[in-house]
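>>> mind folding the following:
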Amino acid sequence: MQSVEKYIKEKGMKFNKFKRSVEVTDKLIGKVKARVGDTPIVVFSVGKKERFRMISRKNNIVFLGDMGEKVVEEESKIGSMRLRDGTHWDEKAHLVCGKILAEELRKRDLGQK
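The predicted model follows:
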(Lines give C-alpha, C1' and ligand atoms only; values in the text may rest on other atoms or scores of the structure.)
Protein backbone atom coordinates (compact mmCIF):
# COMPACT_ATOMS: atom_id res chain seq x y z
CA MET A 1 0.00 0.00 0.00
CA GLN A 2 1.49 3.33 -1.07
CA SER A 3 1.15 6.42 1.06
CA VAL A 4 -0.39 9.62 -0.24
CA GLU A 5 2.97 11.30 0.37
CA LYS A 6 4.55 9.04 -2.24
CA TYR A 7 1.92 10.03 -4.83
CA ILE A 8 2.45 13.70 -4.02
CA LYS A 9 6.22 13.33 -4.35
CA GLU A 10 5.89 11.49 -7.66
CA LYS A 11 3.14 13.55 -9.29
CA GLY A 12 3.03 16.88 -7.47
CA MET A 13 0.22 19.10 -8.74
CA LYS A 14 -0.64 16.47 -11.38
CA PHE A 15 -2.02 14.38 -8.50
CA ASN A 16 -5.57 15.72 -8.54
CA LYS A 17 -6.31 15.13 -4.87
CA PHE A 18 -3.19 17.07 -3.88
CA LYS A 19 -3.99 19.84 -6.35
CA ARG A 20 -7.49 20.10 -4.88
CA SER A 21 -6.10 20.20 -1.33
CA VAL A 22 -3.83 23.10 -2.29
CA GLU A 23 -6.77 24.96 -3.84
CA VAL A 24 -8.96 24.40 -0.76
CA THR A 25 -6.14 25.44 1.58
CA ASP A 26 -5.61 28.61 -0.46
CA LYS A 27 -9.31 29.49 -0.22
CA LEU A 28 -9.47 28.76 3.51
CA ILE A 29 -6.35 30.79 4.28
CA GLY A 30 -7.78 33.66 2.22
CA LYS A 31 -11.01 33.54 4.22
CA VAL A 32 -9.14 33.46 7.53
CA LYS A 33 -6.98 36.40 6.46
CA ALA A 34 -10.04 38.39 5.41
CA ARG A 35 -11.75 37.60 8.70
CA VAL A 36 -8.87 38.59 11.01
CA GLY A 37 -8.01 41.80 9.20
CA ASP A 38 -4.76 43.31 10.49
CA THR A 39 -4.17 40.59 13.09
CA PRO A 40 -0.93 38.85 12.08
CA ILE A 41 -1.06 35.21 11.09
CA VAL A 42 2.03 33.03 11.36
CA VAL A 43 2.17 29.55 9.83
CA PHE A 44 4.69 26.81 9.32
CA SER A 45 4.83 23.56 7.42
CA VAL A 46 7.15 20.68 8.00
CA GLY A 47 6.59 18.66 4.85
CA LYS A 48 5.76 20.00 1.42
CA LYS A 49 6.61 23.66 1.89
CA GLU A 50 6.66 25.23 -1.55
CA ARG A 51 2.87 25.37 -1.98
CA PHE A 52 2.23 26.56 1.57
CA ARG A 53 4.93 29.21 1.14
CA MET A 54 3.21 30.38 -2.05
CA ILE A 55 -0.21 30.52 -0.36
CA SER A 56 1.27 32.43 2.58
CA ARG A 57 3.02 34.95 0.34
CA LYS A 58 -0.16 35.47 -1.68
CA ASN A 59 -2.11 36.23 1.51
CA ASN A 60 0.60 38.32 3.23
CA ILE A 61 1.09 35.77 6.01
CA VAL A 62 4.37 35.13 7.85
CA PHE A 63 5.68 31.70 6.83
CA LEU A 64 8.29 30.03 9.02
CA GLY A 65 9.87 27.66 6.55
CA ASP A 66 12.57 26.12 8.70
CA MET A 67 10.63 24.87 11.72
CA GLY A 68 10.99 21.20 10.74
CA GLU A 69 14.71 21.56 10.24
CA LYS A 70 15.09 23.23 13.63
CA VAL A 71 13.24 20.38 15.34
CA VAL A 72 15.40 17.83 13.50
CA GLU A 73 18.49 19.75 14.64
CA GLU A 74 17.33 19.46 18.25
CA GLU A 75 16.52 15.80 17.67
CA SER A 76 20.11 15.19 16.61
CA LYS A 77 21.24 16.57 19.99
CA ILE A 78 18.79 14.81 22.32
CA GLY A 79 17.73 11.69 20.43
CA SER A 80 14.70 10.49 18.54
CA MET A 81 11.48 12.37 19.05
CA ARG A 82 9.35 10.25 16.74
CA LEU A 83 6.42 7.95 17.18
CA ARG A 84 6.84 4.27 16.33
CA ASP A 85 6.08 4.95 12.66
CA GLY A 86 9.37 6.86 12.52
CA THR A 87 7.75 9.82 10.77
CA HIS A 88 5.40 11.65 13.08
CA TRP A 89 6.60 13.74 16.01
CA ASP A 90 6.07 12.62 19.57
CA GLU A 91 5.17 14.81 22.55
CA LYS A 92 8.79 15.93 23.09
CA ALA A 93 9.10 17.09 19.49
CA HIS A 94 5.90 19.11 19.78
CA LEU A 95 7.22 20.71 22.96
CA VAL A 96 10.50 21.58 21.22
CA CYS A 97 8.56 22.96 18.24
CA GLY A 98 6.44 25.10 20.57
CA LYS A 99 9.54 26.56 22.21
CA ILE A 100 11.13 27.32 18.85
CA LEU A 101 7.88 28.85 17.62
CA ALA A 102 7.60 31.05 20.73
CA GLU A 103 11.14 32.32 20.14
CA GLU A 104 10.39 33.04 16.47
CA LEU A 105 7.29 35.01 17.49
CA ARG A 106 9.30 37.02 20.02
CA LYS A 107 11.93 37.82 17.37
CA ARG A 108 9.17 39.23 15.17
CA ASP A 109 7.56 41.05 18.09
CA LEU A 110 4.46 38.87 17.73
CA GLY A 111 4.70 37.02 21.03
CA GLN A 112 3.23 37.83 24.40
CA LYS A 113 4.48 41.05 25.91
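>>> gap between the nearest residue to Gly12 once chain neighbours are set aside and Thr25?
Leaving aside its chain neighbours, Gly12 sits nearest to Phe18 (7.1 Å; criterion: CB to CB, 6 or more residues apart in numbering). To be clear about C-beta, it is placed using only N, CA and C from the backbone, and glycine gets the same treatment. Per CB to CB, to the nearest Å, Phe18 is found 10 Å from Thr25.
>>> which residues of the protein score low on pLDDT?
Under the criterion pLDDT under 70, the flagged ranges of the chain are 1-2, 111-113.
>>> if we use 80, what do you get?
Along the chain, the model assigns pLDDT under 80 to residues 1-9, 12, 47-48, 111-113.
>>> what's the single longest helix in it?
helix 16-36 (DSSP state H).
>>> whichever helix or strand comes after it pairs with which strands, parallel or anti?
Toward the C-terminus, helix 16-36 is succeeded by strand 42-44 as the next helix or strand (DSSP states H and E). Using DSSP bridges, the strands paired with strand 42-44 in its sheet are strand 62-64 (parallel).
>>> so what touches the next helix or strand after the partner strand?
Downstream of strand 62-64, the next assigned helix or strand under DSSP H and E is helix 67-78. For helix 67-78, contacts defined as CB atoms under 8 Å, 6 or more residues apart in numbering pick out 44-47, 81-82, 89, 92-93, 96-97, 100-101, 104.
>>> which residue is nearest the middle of the chain?
Ser45 (1.4 Å; CA atoms, centre = their mean).
>>> can you tell me the closest non-neighbouring residue to that one?
Nearest to Ser45 is Phe52, by CB to CB, 6+ apart, at 4.2 Å.
>>> so who does the one you found touch?
25, 43, 45, 63 are the contacts of Phe52 under CB under 8 Å, 6+ apart.
>>> please pick the buried ones from those residues.
The neighbour-count criterion (16 or more other CB atoms under 10 Å) marks 43, 45, 63 among the contacts of Phe52 as buried.
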